[in-house]
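Novice: take this sequence and fold it.
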Amino acid sequence: MPITLKAARVNAGLSQEEAAKKIDISVSTLINYESGKTYPDVPIIRRIETIYGIEYKDIFFTRK
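Specialist: Numbering: from 1, shown residues only. Purely as a prediction, here's the structure:
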């Protein structure tokens, strides 16, 4: 069952600041991804998969 990007981050035990640093993006960019304002490109998705330990197909990207 897919989970939200925010839930995946929380399940990985990371704050927004920690996750953004590990993914190598700004906190505001991560906030935009989590809120559905913008969507990550493929290289960023690959980093998210590795850092959060979840596959892209299992992440639900919300829309505003």
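
Novice: would you list every one of the helices in this protein?
Specialist: 5-11, 16-23, 27-35, 42-52 (DSSP state H).

Novice: and those: which comes nearest residue 61?
Specialist: With CB to CB as the criterion, residue 61 lies closest to helix 5-11 of the helices of the chain, at 6.2 Å. C-beta: built from backbone N, CA, C; applies to glycine.

Novice: give me the residues contacting the closest one.
Specialist: By CB atoms under 8 Å, 6 or more residues apart in numbering, the residues outside helix 5-11 that reach it are 3, 16, 19, 30, 33-34, 48, 52, 54, 58-62.

Novice: could you identify the buried members of the residues you listed?
Specialist: Neighbour-count burial (16 or more other CB atoms under 10 Å) applied to those gives 19, 30, 33, 34, 48, 52, 54, 59, 61.

Novice: returning to what we had before: just put the helices of the chain in JSON lines and tack on mean pLDDT.
Specialist: Listed next are the helices of the chain as JSON lines, based on pLDDT from 0 to 100:
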{"stretch": "helix 5-11", "mean pLDDT": "95"}
{"stretch": "helix 16-23", "mean pLDDT": "98"}
{"stretch": "helix 27-35", "mean pLDDT": "96"}
{"stretch": "helix 42-52", "mean pLDDT": "96"}
